[in-house]
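Participant: coords please:
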Amino acid sequence: MADAVLDAASIPAAVSAAPSPPTRNRRRPIWTTYSEFSANFMSALPRRVNRGRILSRARQRPARSTDGGGGGGVRVLGWAAMSAVDWVLASLAIFAGACAQGSMGFGLGMIAAPFLAMIEPSLIPAPVLIVAMGLAALVAWRERASLDARGLKWAIAGRVPGSALGTYAVVVLPEQTLLVVFAVLILAGVGLSVAGWRVEPTPTTQAGAGALSGFMGSITSVGGPPMALLYQRRSGAELRATLSLFFLFGTTLSVTLLAAAGKLHGRDVGRAGILLGPMVAGFLVARWLAPRLDAGLLRPVLLWVSGAAATVVLLSALW
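Facilitator: I've put the predicted structure just below:
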């Protein structure tokens with residue numbers, strides 16, 4: 001899932017958290033609805049958000065008929081009943097996210113997760129984590145010759161404490177403030193990049209971008225832009241390879257911790273299996289799209305997508 005994306009360091013807190021208090025009677029930023037899914041990609045939700053809301057909706061949703069007389073429902077490997085339209089929409093969301101991540105290094109979580117949360121909440125977080133893990137592995141293998149291995153180590157070293165700090169921040173600081181700060185930082189980075197300001201990948205900046213990615217992923221589920229902005233002037237292959245292994249680290253650890261906590265079930269693997277088809281299709285299309293972006297379009301697209309993600313978060317926080 002991966003730009004996304006889900007921060008492994010915060011899984012224990014999210015799993016062991018006590019039942020959340022009743023939702024307050026105020027309008028919450030739309031973005032927090034999707035905070036269970038995050039890139040790299042698992043993040044803890046702010047304490048004001050009902051952590052069980054999305055998953056409980058999936059458990060409480062009445063099963064759709066599978067005999068052709070109750071709404072055209074279809075049963076996937078005997079577990080989740082979804083309409084054919086729902087599966088088409090979910091597949092399109094995964095396909096679009098895989099195209100984005102396979103061609104520019106991040107975007108699966110940012111694009112697919114919000115739609116999947118509305119279409120079928122049971123598809124997040126575990127099924128999409130598995131899909132994101134597979135996509136990150138495919139992209140990393142395809143671009144393996146261009147990997148910045150040294151920079152990856154520094155980025156991962158920074159991500160762990162950044163994720164922990166982000167998890168702590170969502171507990172003690174106002175949610176709206178955190179979202180606004182995130183959006184302003186990313187928009188400032190985009191603006192400075194457009195103005196010609198350059199930040200080269202060095203051990204210090206790589207660790208800093210990794211920490212910021214983990215911090216922002218814990219708050220908003222969008223952890224890709226900090227790393228993408230740092231590598232925007234490098235080759236497209238190097239950016240995709242480094243970000244993919246960066247996300248693969250997070251998603252693999254997230255899935256492992258979910259399994260250890262008893263939160264990964266056979267039905268999750270089955271649902272992920274159904275989504276692998278559109279993910280692979282998106283990956284194959286991205287293989288054709290990536291060289292075209294590398295021919296002078298990748299940097300503008302990265303800046304546009306990063307700016308758009310920050311704008312959505314900012315509007316969600318202020319709306």
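Participant: Double-check that Met82 belongs to a helix.
Facilitator: No. Met82: not assigned to a helix; according to DSSP: H, G, I helix; E, B strand; the rest coil it is strand.
Participant: Please give the centre-to-centre distance between the helix or strand containing Ala136 and its chain.
Facilitator: In the assignment (DSSP states H and E), Ala136 maps to helix 126-142. Computed by Cα atoms, centre = their mean, to the nearest Å, the separation of helix 126-142 from the middle of its chain amounts to 11 Å.
Participant: Beyond that helix, next helix or strand please.
Facilitator: Helix 126-142 is succeeded, C-terminally, by helix 149-172 (DSSP H and E).
Participant: mind listing what's buried in that next one?
Facilitator: Residues 151-152, 154-156, 158-160, 162-164, 166-167, 169-170 are the ones in helix 149-172 that count as buried (16 or more other Cβ atoms under 10 Å). Quick note: C-beta positions are derived from backbone N, CA and C, even for glycine.
Participant: Looking at those, which one is closest to Leu138?
Facilitator: Nearest to Leu138 among these is Leu152, at 17.0 Å by Cβ to Cβ.
Participant: just to revisit the earlier point, which helices and strands sit right next to the helix holding Ala136?
Facilitator: Packed against helix 126-142 by the contact rule (3 or more Cβ pairs under 8 Å, 6 or more residues apart in numbering; DSSP states H and E) you find helix 84-104, helix 108-119, helix 236-260, helix 266-294.
Participant: ok and that helix relative to helix 108-119, angle-wise?
Facilitator: 160 degrees (axes from the mean of the first three to the mean of the last three Cα atoms, to 10 degrees).
Participant: Just want the angle from helix 126-142 to helix 266-294.
Facilitator: Going by the same axes, to 10 degrees, helix 126-142 makes 40 degrees with helix 266-294.
Participant: tilt between helix 126-142 and helix 84-104?
Facilitator: Angle of helix 126-142 versus helix 84-104, following the same axes, to 10 degrees, is 30 degrees.
Participant: Which parts of helix 126-142 count as buried, going by neighbours?
Facilitator: Under the neighbour-count criterion of 16+ other Cβ under 10 Å, helix 126-142 has 126-140, 142 buried.
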